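Peer 1: pasting a predicted model and its sequence here:
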There are 2 protein chains.
Amino acid sequence: MATDTEEKIKVAARNVFKKKGFAATRTRDIAEEAGVNLALLNYYFKSKELLFNEVMFEIILDFKRTLVQFLNDDSLSFEDNLQRLIDTYTELFLREPELPLFVMGELRNNPQVVVEKIKPADLIYGSTFEKQLSAMLGNSSVDATQIFINAISMTFFPFISRPMVQNVCGIDDENFVKMVRERSRNIPKWIMSIIQTDIKTN
Amino acid sequence: MATDTEEKIKVAARNVFKKKGFAATRTRDIAEEAGVNLALLNYYFKSKELLFNEVMFEIILDFKRTLVQFLNDDSLSFEDNLQRLIDTYTELFLREPELPLFVMGELRNNPQVVVEKIKPADLIYGSTFEKQLSAMLGNSSVDATQIFINAISMTFFPFISRPMVQNVCGIDDENFVKMVRERSRNIPKWIMSIIQTDIKTN
DNA sequence: ATTTGTTTTAATCGTTTGATTAAAATTATT
DNA sequence: AATAATTTTAATCAAACGATTAAAACAAAT
């Protein structure tokens, strides 16, 4: 059972680490953000590194949860499942804008750890989602994985390159939210276009 | 005219900064990588921060160059221009795998500086590429910018999430290269699918 | 050949940073 | 209420880090 203080530190650590990454955050930043004495970080979490690991694993799991949640629902069509997946990630990233870049950064710093925690291959292969997608593609030349990568790319990347996107589109924060929500509605349609053209050309 | 030493430092700094980011790199790392005395960094570049800025601006400009290069060639069709753009970024990222994540990281740390350096809106609007794309879309419901974002997303994101992609696809480094090259050939086709479906549904 | 200017080096400085400690404050137990 | 255990605090430590310095090594100029 986590103390009140312990929880405050964890929340603060999550915020600061997410925003600045491991190397750029000082333990004093976290202590200040938590409104807590510096020594308490070590009292509860031993070291900066262990605190980071604990926080990072939680973030990674939040990230993974969305995937797990909507990959195995066979009561919905492929397109509806895809729509839900994209919607959920879009809303997650709207709530926590630093999440995607943080995860990608960790993926660079600790590829094997992150991949081991998420195990994306294990999640996708054998899932309802993958079966639906494969069935739809038939013996098309491009495989299901590439289509999946396209969907994730189109969903994630605008958040990672947000300031650039806002400049290109000439929009403020408020309209960025509208834009990604509209993209979220469009991406399944776009994916279906890709699939269908791909089927026809074979 | 840059000294030999000065250039060695810059090259080393570029490599280390790209890999680890500003906060995580120590000046001693750079000195060692350059095979040069630590004090020479300050002798030639005043401070770690100024060295970083110099290196970062060069990286950002390398990044921008590809965009500038292929956005205004009206001797080629839209699809051919798109193909060249995607090919060039793909080959750039194969040569410098840390580039996309580094730029995105800087975009988070210093959004206004990076956007000001690249000015993507100024590059795109009024460009041949944008005119070709807009002409193709006509009065379709989705605008040219979204299509452009899709192309860039599908091109960039696999590099940013590389370890994840390699796990999902079950491929090693060598086959990752093959995969992104194949994607590079497919993305223009996929983009055309999106455009054409979008036109039809309006 | 001597002087002047430039580049490189080893040593060291002052801060910052993560971590520890010993005492104080608070809470729990008897 | 007295004692023991836990939590919090202020002060401080040692290591790491960016930066500086003074002297040495080297090159250029006269």
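Peer 2: Looks like it came in fine.
Peer 1: show me which residues of the longest helix seen in chain A are buried.
Peer 2: Taking residue count as the measure and DSSP state H as the definition, the longest helix of chain A comes out as helix A:173-200. Neighbour-count burial for helix A:173-200, with 16 or more other Cβ atoms under 10 Å in any protein chain shown as criterion, is recorded at A:176, A:179-180, A:183-184, A:186-195, A:197-198. C-beta: built from backbone N, CA, C; applies to glycine.
Peer 1: do stretch A:61-74 as well
Peer 2: Neighbour-count burial for stretch A:61-74 flags A:Phe63, A:Lys64, A:Thr66, A:Leu67, A:Phe70, A:Leu71 (criterion: 16+ other Cβ under 10 Å).
Peer 1: now distance to DNA strand C, secondary structure and pLDDT too, for those, in JSON lines please.
Peer 2: Rendered in JSON lines, the data for the buried residues of stretch A:61-74 read as follows (distance: Cβ to the nearest atom of the strand, whole Å; DSSP: H, G, I helix; E, B strand; the rest coil; pLDDT from 0 to 100):
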{"residue": "A:Phe63", "distance to DNA strand C": "24", "secondary structure": "helix", "pLDDT": "88"}
{"residue": "A:Lys64", "distance to DNA strand C": "27", "secondary structure": "helix", "pLDDT": "95"}
{"residue": "A:Thr66", "distance to DNA strand C": "31", "secondary structure": "helix", "pLDDT": "87"}
{"residue": "A:Leu67", "distance to DNA strand C": "32", "secondary structure": "helix", "pLDDT": "89"}
{"residue": "A:Phe70", "distance to DNA strand C": "37", "secondary structure": "helix", "pLDDT": "88"}
{"residue": "A:Leu71", "distance to DNA strand C": "38", "secondary structure": "coil", "pLDDT": "93"}
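Peer 1: one step back: any idea of the mean pLDDT in the longest helix of chain A?
Peer 2: Averaging pLDDT along helix A:173-200 yields 93.
Peer 1: what about A:Asp172, how many neighbours?
Peer 2: The number of residues packed near A:Asp172 is 9, by other Cβ atoms under 10 Å in any protein chain shown.
Peer 1: and it, how far is that from DNA strand C?
Peer 2: Summarising the geometry, the distance separating A:Asp172 from DNA strand C, computed by Cβ to the nearest atom of the strand, to the nearest Å, is 32 Å.
Peer 1: show me what the longest helix of chain A is packed against.
Peer 2: Based on contacts counted as 3 or more Cβ pairs under 8 Å, 6 or more residues apart in numbering or on different chains; DSSP states H and E, the elements that helix A:173-200 packs against are helix A:78-95, helix A:128-137, helix A:144-160, helix A:162-169, helix B:144-160, helix B:173-200.
Peer 1: count of residues packed around the residue lying closest to A:Ser184 once chain neighbours are set aside?
Peer 2: Spatially, and ignoring its direct neighbours in sequence, A:Ser184 is nearest to A:Thr90 (4.3 Å; Cβ to Cβ, 6 or more residues apart in numbering or on different chains). A:Thr90: 21 surrounding residues under other Cβ under 10 Å.
Peer 1: which ones are touching A:Thr90?
Peer 2: Applying Cβ atoms under 8 Å, 6 or more residues apart in numbering or on different chains, one finds that A:Thr90 lies in contact with A:Thr155, A:Val180, A:Arg181, A:Arg183, A:Ser184.
Peer 1: quick check: the second one touching A:Phe157?
Peer 2: By that I understand A:Val180. No: when contacts are counted by Cβ atoms under 8 Å, A:Val180 is not listed as touching A:Phe157 (10.6 Å).
Peer 1: count the neighbours of A:Asn37 for me.
Peer 2: The criterion is other Cβ under 10 Å. On that basis, A:Asn37 has 10 neighbouring residues.
Peer 1: how close does it get to DNA strand D?
Peer 2: Counting by Cβ to the nearest atom of the strand, the gap from A:Asn37 to DNA strand D is 3 Å.
Peer 1: and the residue nearest to A:Ser184, how far from B:Lys64?
Peer 2: Taken as Cβ to Cβ, to the nearest Å, the spacing of A:Thr90 relative to B:Lys64 amounts to 28 Å.
Peer 1: could you list the domains of chain A?
Peer 2: Residue ranges for each domain of chain A read A:1-46, A:56-200, as given by automatic domain parsing.
Peer 1: for the ones you listed, could you give me TSV that also reports distance to B:Thr25?
Peer 2: Formatted as TSV, the domains of chain A follow (distance: least, Cβ to Cβ, whole Å):
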stretch	distance to B:Thr25
domain A:1-46	8
domain A:56-200	13
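Peer 1: chain neighbours aside, what residue packs nearest to A:Asn186?
Peer 2: In space, not counting the residues next to it along the chain, A:Asn186 is nearest to B:Val142; the distance is 6.4 Å by Cβ to Cβ, 6+ apart.
Peer 1: also A:Asp74?
Peer 2: A:Thr128 (4.5 Å).
Peer 1: hmm, the one you found is touching A:Asn72, no?
Peer 2: Yes: checked against Cβ under 8 Å, the pair A:Thr128 and A:Asn72 is within contact range at 4.7 Å.
Peer 1: which residues are contacting stretch A:39-55?
Peer 2: Counting by Cβ under 8 Å, 6+ apart, the neighbours of stretch A:39-55 from elsewhere in the structure are A:Thr3, A:Thr5, A:Glu6, A:Ile9, A:Lys10, A:Ala13, A:Arg14, A:Phe17, A:Phe22, A:Thr27, A:Ile30, A:Ala31.
Peer 1: how near is the third one to A:Asp29?
Peer 2: With distances defined as Cβ to Cβ, the gap from A:Glu6 to A:Asp29 amounts to 18 Å.
Peer 1: and the second one, by the same measure?
Peer 2: Plainly put, A:Thr5 is 17 Å away from A:Asp29 if you go by Cβ to Cβ.
Peer 1: orientation of the helix or strand harbouring A:Ile59 relative to helix A:78-95 in degrees?
Peer 2: With elements taken from DSSP states H and E, the one containing A:Ile59 is helix A:48-70. Here helix A:48-70 runs at 150 degrees with respect to helix A:78-95, directions being taken by axes from the mean of the first three to the mean of the last three Cα atoms, to 10 degrees.
Peer 1: thank you kindly, that will do.
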